[in-house]
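Quick one, fold the following:
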Amino acid sequence: EVALEKFKTCQKIRMEENGEDHVSVAHVLVEIGELSESQGGLQEALGCYNKSIRIYRKRLGDRDVQIAKCLNKVAAVYTEEGDFGEALGACKEALTIYKEELLQGSDALEVGHTQHQIGGIYDQLKRFDDSLECFTEALRVFELNLGEDDLTVALARNNMGINYARRKDYNKAIELCSEALRIRRLHAEEGDQSGCDVADTTFNLASIYDEAENYDKALKLYGEALAAYRESPGDDDIEVANCLKFIGVILVSRKDFEEAQHTLLEAVRIYKAEDSIHHNVDLATVLYNLGLVYEKRQDLEKALNCHAQCLRIRKAELGENDKDIAHPALHIGSIYLPRGKVDEALVFLNTALELYGSEWGKESSEYADALSKVAAAHIAQEEYDLALSELHACLGICKKKDGTGDAENSEKIANTLSLIGMIHNRQVEYEEAMKFYSGALKIRIKLHGKNHEKVATTMMEIGNVLEDWGDSDEALDCYSECLRIQRLGHGDESIAVAETLNKLGGVFAEREEHERALKSFDEALTIYKSHLGDNAVDVGHTWHQMGKAHDALEQHDESLHCFTEALRIFRTQLGEEDLTVALALNNVGVNYARRKEYAKAIELCSEALRIRKVRLGEGHLDIADGLYNLANILDEWRRNDQALKFYSQALAIYRSNLGDDDIEVANCLQFMGSIFMKENEHDRALTCFNEAVRIYRQKDGGEDELAGTLFYLGRLFAKRAEFKSSLDCFTESYQLRKSQLGENHVDTVEAARFVAAIERKLHSGR
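Below you'll find the model as predicted:
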């Protein structure tokens with residue numbers, strides 16, 4: 001303010017002495033303009049420069065060098081204000097004057113500075129060919145006048161390097177910027193160049209190496225720039241944050257997540273402390289990459305928070321439809337999906353899909369990735385036809401890029417084939433499922449070799465299909481191969497090994513090889529306890545599996561211990577109202593029923609039923625199963641009225657959900673018939689048995705139940721003295737049991753005894 005006041009006093013004196021349009025007044029106006037510009041008064045500065053130009057034109061003519069110098073200053077103000085058209089016009093006029101009026105013509109130093117200024121304006125206008133031409137000419141002039149090691153030479157080389165980097169001519173860019181850095185370091189050592197300028201050039205060179213994917217060199221140079229910025233202007237400067245941002249992004253790409261987390265968190269701290277909207281987009285980039293780190297480290301709450309902050313900033317700064325909205329939206333949806341928040345996930349996934357389609361194109365890898373995630377959401381909603389359509393579209397995109405040697409794309413193909421296989425497996429289309437899973441397996445073996453964990457995962461998926469298909473031998477082979485690979489890669493004590501041991505145990509249990517099942521479950525239990533502790537949910541599930549195996553071996557004390565442990569863990573970890581708690585309660589209750597402790601059994605199974613009703617509603621199939629189970633216990637306890645009540649309720653739910661001809665309907669009718677027969681309500685019993693027989697005859701694999709119901713019918717007809725019908729029923733029951741169980745089985749022998757008894761009655765009657 002003092003300087004400005006003195007300049008204005010000087011201007012007033014000169015105007016009084018020489019007149020308003022004297023050249024000396026123009027000189028002072030230039031000084032006032034420069035001072036105003038330095039203080040941010042751009043319009044005041046522009047007014048002074050234009051007045052000076054008017055005076056110079058009037059007194060010195062249109063081609064005086066003083067006019068050119070003022071035009072350079074005018075151009076700088078217009079550039080600062082973003083009016084690049086006006087800036088370019090002013091510079092071009094200045095250039096013409098210099099070339100015409102200066103003795104050196106095109107080789108004059110002022111020409112070089114103006115060419116450099118014009119190059120900067122062309123850069124802003126994205127006219128990069130023109131800017132390169134200007135920077136190149138400026139460099140020639142600077143080297144001619146000032147020598148090869150002058151700072152202006154460094155500046156021109158640096159700007160040319162940036163230009164070549166935009167053209168992806170990285171070798172030329174690195175050559176030019178490296179030379180610029182050498183010059184600036186030389187001057188810094190001599191004390192006439194600031195450390196910040198050296199740091200800026202180092203950072204710029206690092207950025208080029210980064211873009212050229214030479215990450216080792218980029219990290220080294222970012223580190224040097226970071227150290228320089230920390231020294232001056234200090235640890236909390238925005239340039240420090242910028243270095244940390246780029247270093248963190250590289251570390252994420254290299255999967256050095258621990259170091260990346262530390263680096264990115266420091267960048268977040270500085271950006272947030274700066275509290276400037278000018279760096280919000282940089283902050284969003286850091287938050288996005290920090291979210292990726294937390295995802296990889298399975299800290300999903302923090303990951304979700306980072307991606308949400310990134311999304312919010314980018315929407316505010318870039319708009320709702322900017323392409324950079326897609327990335328955090330995709331990751332937010334991907335985090336919601338496995339949590340069961342499918343509707344919320346689809347909102348974000350569809351946003352990403354739409355943006356990838358419009359910005360990258362519907363043939364892009366990004367679009368295919370998002371489409372695959374959307375399909376996974378539709379799988380979770382059991383919208384299988386829609387999901388299949390999306391996955392086949394995704395497969396088509398990836399296959400167009402196949403054959404380029406892109407391992408990542410090949411893995412995407414394998415993953416898509418696996419998802420298609422999973423859908424066909426859920427739709428009980430086992431042959432189709434095997435076709436797609438086998439395709440995925442072939443790709444993964446070719447990509448990774450036979451001992452890779454992705455191969456193990458695919459073997460597990462194929463094993464699941466074979467197990468569902470009923471081919472337990474082949475399923476065991478797949479699970480065993482999966483186990484071999486996992487042990488090779490992770491050792492004998494990994495969680496993955498425990499999961500596969502549980503799968504093997506399940507197959508052994510289905511094959512009624514319960515001792516082998518228990519061995520697998522016990523080994524899995526030890527691993528889970530070692531890694532997760534005694535109270536982990538996976539430990540509870542394994543205890544539960546072991547309980548069922550002990551039950552099958554009629555080792556009821558051991559099974560009660562296992563079920564009780566499972567129940568304790570489920571209650572502790574999942575809460576009293578969880579469905580797994582209901583399952584464990586039910587199995588403990590059944591165990592007490594086997595011990596004839598019916599009151600305790602009813603108490604536990606009733607609590608299991610209550611939880612299921614709360615969680616699933618009154619009409620769910622699991623409610624019918626719980627009612628049926630309670631009815632069985634009450635039937636065994638000879639509480640016939642209560643048993644009939646629960647069988648009737650279960651029957652109504654089964655019929656509502658499965659139809660009148662389902663096997664569960666027949667089972668209820670069979671037990672209801674047996675109770676009616678015990679109560680001597682023969683007509684009602686006959687109705688139940690006949691309907692059960694009708695259903696069993698329609699079902700493959702229902703021979704055991706049919707034989708049992710025919711046996712009951714035979715006894716009922718015998719009670720009614722309808723011996724011919726009784727003999728027919730006992731005879732068919734005997735034949736079925738002989739075929740299924742063998743001639744010496746106790747049930748076969750019992751049926752044969754009744755056949756003989758009824759034949760004797762018929763013979764004696766004749």
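
give the contact list for the residue most central in space within the chain.
Closest residue to the average C-alpha location of the chain: residue 334 at 3.7 Å, with C-alpha atoms, centre = their mean. By C-beta atoms under 8 Å, 6 or more residues apart in numbering, residue 334 lies in contact with 345, 349, 373. Yep, even glycine has a C-beta here, placed from its N, CA and C like the rest.

Next up, identify which helix or strand it is on.
For residue 334, the host element (DSSP states H and E) is helix 326-336.

Please compute how far that helix lies from its chain's middle.
Centre-to-centre, helix 326-336 and its host chain are 7 Å apart (C-alpha atoms, centre = their mean, to the nearest Å).

for stretch 613-624, same thing?
With C-alpha atoms, centre = their mean as the basis, stretch 613-624 stands 33 Å off its chain's centre.

circling back to that earlier point, restricted to strands, list the contacts of residue 334.
Per DSSP state E, strands hold no members of the contacts of residue 334.

Buried among these? Make that a ChimeraX selection.
Selection of buried members from the contacts of residue 334 for ChimeraX, criterion 16 or more other C-beta atoms under 10 Å:
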select :345,349,373
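
Quick one: the contacts of residue 334 as CSV, columns for distance to residue 624 too.
What follows is the contacts of residue 334, written out as CSV (distance: C-beta to C-beta, whole Å):
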residue, distance to residue 624
345, 32
349, 36
373, 36
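
CA atoms only for the helix holding residue 334 - export them in CSV, please.
What follows is helix 326-336 as a C-alpha-only set of coordinates in CSV (Å, rounded to 0.1, in the frame of the first residue of the first chain):
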residue,chain,number,x,y,z
ALA,A,326,-18.5,-45.4,-11.5
HIS,A,327,-15.5,-46.8,-9.6
PRO,A,328,-16.6,-46.0,-6.0
ALA,A,329,-20.2,-46.9,-6.9
LEU,A,330,-19.1,-50.4,-8.1
HIS,A,331,-17.1,-51.0,-4.9
ILE,A,332,-19.9,-49.9,-2.6
GLY,A,333,-22.3,-52.2,-4.4
SER,A,334,-19.8,-55.0,-4.2
ILE,A,335,-19.5,-54.6,-0.4
TYR,A,336,-23.2,-54.5,0.1
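
what about that helix, average pLDDT?
In this model, helix 326-336 has an average pLDDT of 97.

coming back round to it: nearest to residue 2, of the contacts of residue 334?
Taking C-beta to C-beta as the measure, residue 349 is the one of these closest to residue 2, at 62.8 Å.

Now do the buried residues in stretch 712-726.
Applying a neighbour-count criterion of 16+ other C-beta under 10 Å, one finds 712, 713, 714, 715, 716, 717, 718, 723, 725, 726 buried in stretch 712-726.

For the third one, which residues are in contact?
Taking C-beta under 8 Å, 6+ apart as the criterion, residue 714 is in contact with 726, 727, 728, 729, 730, 733, 754, 758.

Count residues in the vicinity of residue 274, would you?
17 (other C-beta atoms under 10 Å).

Excluding chain neighbours, what is closest to it?
In this structure, residue 274 finds its nearest non-sequential neighbour in residue 238, 5.6 Å apart by C-beta to C-beta, 6 or more residues apart in numbering.

Kindly provide the distance from the one you found to residue 715.
For residue 238, the distance to residue 715 (C-beta to C-beta, to the nearest Å) stands at 92 Å.

returning to that earlier point: residue 703: which of the contacts of residue 714 is nearest?
Set against residue 703, the nearest of the contacts of residue 714 by C-beta to C-beta is residue 733 (10.2 Å).

right, and the closest one touches residue 704 too?
No. Using C-beta atoms under 8 Å, residue 733 makes no contact with residue 704, being 10.5 Å away.

Contact partners for residue 56?
Applying C-beta under 8 Å, 6+ apart to residue 56 gives the contacts 23, 26, 64, 66, 67, 70.

In the one helix or strand it maps to, which residues are buried?
Secondary structure assigned from DSSP H and E places residue 56 in helix 42-60. Neighbour counts over helix 42-60 (16+ other C-beta under 10 Å) mark 42, 44-53, 55-57 as buried.

Just the mean pLDDT for that helix, thanks.
Across helix 42-60, pLDDT averages out at 95.

Ok, stretch 661-680 next?
94.

Give me the contacts around it.
Taking C-beta under 8 Å, 6+ apart as the rule, stretch 661-680 contacts 624, 628, 631-632, 635, 640, 643-644, 647-648, 650-651, 654-655, 658-659, 682, 684-689, 691-692, 695-696, 698-699, 702, 705, 708-709, 712, 715-716, 719.

Mark which of the residues you listed are buried, thanks.
624, 628, 631-632, 635, 643-644, 647, 650-651, 654-655, 685-686, 688-689, 691-692, 695-696, 702, 705, 708-709, 712, 715-716.

Among the residues you listed, which ones are in helices?
Judged by DSSP state H, helices contain the following of the buried ones among the contacts of stretch 661-680: 624, 628, 631-632, 635, 643-644, 647, 650-651, 654-655, 685-686, 688-689, 691-692, 695-696, 705, 708-709, 712, 715-716.

pretty sure residue 33 is touching residue 53, no?
No. The pair residue 33 / residue 53 is not scored as a contact, 10.5 Å apart, by C-beta under 8 Å.

now for whichever strand or helix holds residue 517, which elements pack on it?
Taking DSSP H and E as the criterion, residue 517 maps to helix 514-532. The criterion is 3 or more C-beta pairs under 8 Å, 6 or more residues apart in numbering; DSSP states H and E, and the helices and strands that helix 514-532 contacts are helix 495-510, helix 537-552.

Same list, those, but as CSV with mean pLDDT, distance to residue 133 and mean neighbour count please.
Listed next are the helices and strands packed on helix 514-532 as CSV, based on pLDDT from 0 to 100; distance: least, C-beta to C-beta, whole Å; neighbours: other C-beta atoms under 10 Å:
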stretch, mean pLDDT, distance to residue 133, mean neighbour count
helix 495-510, 95, 61, 21
helix 537-552, 95, 68, 22
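
and of these, who's closest to residue 465?
Of all the helices and strands packed on helix 514-532, helix 495-510 sits nearest to residue 465, with 12.5 Å by C-beta to C-beta.

okay, the angle between that closest one and helix 514-532?
Counting by axes from the mean of the first three to the mean of the last three C-alpha atoms, to 10 degrees, helix 495-510 points 160 degrees away from the direction of helix 514-532.
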